[in-house]
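Engineer: coordinates only, no sequence provided:
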């Protein structure tokens, strides 16, 4: 690990000033400390933001839920409002990491966590994300766990978060704090596809902080849930995953929110699947038909061709679990 | 594997094993933060470990695990992966189980840390320590301190409703000897006796 200086921000203003001066924010630190030890991350200055007042979960005026960036994963899981209103969120969180890591990691840090691509984490390998212009060792390397959607010739790394998949499905909003005040970004615009600049991963401007993630009020009753498929039963990243939320009224699907994880360079929204569902009556045939569109546009690599079929089956199964039907 | 350059930069800055000939000059450190004498930045932190207050000045890079093992001589917490993947370093910070290897010590101002050494009351073992003995829940013992501290957290969190639930909520602790069946029994027994 490279040496670094350390400041503890007493308040938001102090944090933003330190961030603008080039400091790197640290919250739970579970990804950052790990990557600093691997010398993938080499911050000169760490700005500890854990004392900032961003630790509340509140109901918004519109009837949604606002989760502060510094709320720990385990706190969000335990929150009654989260569990009752958005099971897809609490399930995605509880299927992530380990109990110890969930006690440390925050919501803001979770969506900022960096890819698990082994070449990104190995400073001796070529990686355009870590070292722009050095190439992508995964493209023709061992790429079984890599992305099939949203990839480019520069990068095929997946975004590893589970809860970000649920945020994508629900069409959450990210609240940002910066020197010029607060602004909001749709969650689906917050994380960036790699294109030719895989080192640019998010919409944060220099010195900006994530303040909260806001979940929209959705028509009720809303059924939702998260399915994660992985190489072992627990404490593992997703090969594929599906976040599904359905509003069914009068026997007809009125709202459908579906996204997939483990397959995209960013959490992958599935509008083609959603369109198949709207206005239809729940049935097993419908789930099968809609899920056929889950891998639209997929570009599999040498070792991850299996993800195309696995993704369709993952989405189909979770549509069935959430939507029921015969 | 770290490159040679990375190895030199990070090891030399650690201070303990600087071989003069390896340090090629200022370019190795570049503009890395360091004081005029070349010492890496350090910070002072006061925290309570097993009820005892400590004030220490440590290199900013020091993990809680290294603080415990190398500075406070509490070697019960083990270093397995040093990356948050194995759980051998699990301790309680302010009552919550965490990976001490991923916790920077200097961030723990005012925190209360409990390690395996702080679990027994005098000569009376904590019920989960006793249950690990009763159920023969370890072989080599390397993961055991972490398993027990994680088990204490698991019981506190109320995640012991079934063997399946215990397995899920203990999944952050790996046992290469494969004592899982008996570990789950020990946690289950202790939770029921609570």
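Structural biologist: Everything's here; your move. These numbers were taken from a predicted model, which means no experiment stands behind them.
Engineer: thought residue A:184 was touching residue A:172?
Structural biologist: No. Applying C-beta atoms under 8 Å, one finds residue A:184 not in contact with residue A:172, separated by 10.3 Å. Glycine gets a C-beta too; all of them are placed from N, C-alpha and C.
Engineer: the more surrounded of those two?
Structural biologist: residue A:172 (26 against 13; other C-beta atoms under 10 Å in any protein chain shown).
Engineer: and the strands in the chain?
Structural biologist: The chain I'm using is chain A. A:5-8, A:24-26, A:45-48, A:57-59, A:65-68, A:173-178, A:181-186, A:209-215, A:223-229, A:240-249, A:252-261, A:268-269 (DSSP state E).
Engineer: let me rephrase: I mean chain B.
Structural biologist: Using DSSP E, strands in chain B cover B:42-49, B:52-59, B:90-93, B:96-99, B:112-114.
Engineer: how close does residue A:52 get to residue A:11?
Structural biologist: From residue A:52 across to residue A:11, the span is 7 Å (C-beta to C-beta, to the nearest Å).
Engineer: state the pLDDT value of residue A:65.
Structural biologist: pLDDT for residue A:65: 97.
Engineer: again with residue A:148
Structural biologist: pLDDT, residue A:148: 98.
Engineer: residues in contact with it?
Structural biologist: When contacts are counted by C-beta atoms under 8 Å, 6 or more residues apart in numbering or on different chains, residue A:148 touches A:263, A:264, A:295, A:298, A:299, A:300, A:301, A:304, A:307, A:308, A:311.
Engineer: before we move on, back to that, identify the contacts common to residue A:52 and residue A:11.
Structural biologist: In contact with both residue A:52 and residue A:11: no residue, using C-beta under 8 Å, 6+ apart.
Engineer: so the two - more neighbours on which side?
Structural biologist: residue A:52 (22 against 11).
Engineer: residues touching that one, list them.
Structural biologist: A:9, A:11, A:12, A:15, A:70, A:209.
Engineer: for the residues you listed, which one is nearest residue B:153?
Structural biologist: Distance to residue B:153 across those (C-beta to C-beta) is lowest for residue A:70, with 20.6 Å.
Engineer: which residue is the nearest non-sequential neighbour of whatever residue of chain A ends up closest to chain B?
Structural biologist: Residue nearest to chain B within chain A: residue A:98 (2.5 Å; C-beta to the nearest C-beta). Among residues not flanking residue A:98 along the chain, residue B:172 sits closest, at 2.5 Å (C-beta to C-beta, 6 or more residues apart in numbering or on different chains).
Engineer: also residue A:291?
Structural biologist: Residue A:291's closest residue in space is residue A:316 (C-beta to C-beta, 6+ apart), at 3.6 Å.
Engineer: quick one: contacts for the one you found?
Structural biologist: Contacts of residue A:316 by C-beta under 8 Å, 6+ apart are A:287, A:288, A:290, A:291, A:294.
Engineer: pull the number of nearby residues for the residue of chain B found nearest chain A.
Structural biologist: Distance from chain A to each residue of chain B (C-beta to the nearest C-beta) is smallest for residue B:172, at 2.5 Å. Other residues lying near residue B:172 total 25 when counted by other C-beta under 10 Å.
Engineer: that one contacts residue A:101, correct?
Structural biologist: Yes. Shown here, residue B:172 and residue A:101 form a contact pair, counting by C-beta under 8 Å, at 6.7 Å.
Engineer: who's in contact with residue A:107?
Structural biologist: When contacts are counted by C-beta under 8 Å, 6+ apart, residue A:107 touches A:67, A:68, A:69, A:70, A:71, A:72, A:73, A:76, A:163, A:213.
Engineer: doesn't residue A:56 make contact with the fifth one?
Structural biologist: Yes. Counting by C-beta under 8 Å, residue A:56 is a contact partner of residue A:71 at 7.4 Å.
Engineer: before we move on, back to that, quick check: neighbours shared by residue B:172 and residue A:101?
Structural biologist: residue B:99.
Engineer: what count of nearby residues applies to residue 39?
Structural biologist: Because you didn't say which chain, this covers chain A. Neighbour tally, residue A:39, other C-beta under 10 Å: 17.
Engineer: hmm, I had chain B in mind actually
Structural biologist: Counted with other C-beta under 10 Å, residue B:39 comes out at 12.
Engineer: likewise residue B:115?
Structural biologist: Counted with other C-beta under 10 Å, residue B:115 comes out at 24.
Engineer: near chain B, which residues of the stretch 201-326 of chain A?
Structural biologist: Within the stretch 201-326 of chain A, the positions adjacent to chain B are A:233, A:234, A:235 by C-beta under 8 Å from any C-beta of the partner chain.
Engineer: re earlier: of the contacts of residue A:316, which is the most crowded?
Structural biologist: Busiest of the contacts of residue A:316 [other C-beta under 10 Å] is residue A:294, holding 28 neighbours.
Engineer: residue contacts, the residue lying closest to residue A:222 once chain neighbours are set aside?
Structural biologist: Excluding the flanking residues, the one nearest residue A:222 by C-beta to C-beta, 6+ apart is residue A:247, at 5.2 Å. Counting by C-beta under 8 Å, 6+ apart, residue A:247 touches A:218, A:219, A:220, A:221, A:222, A:223, A:253, A:254, A:255, A:256.
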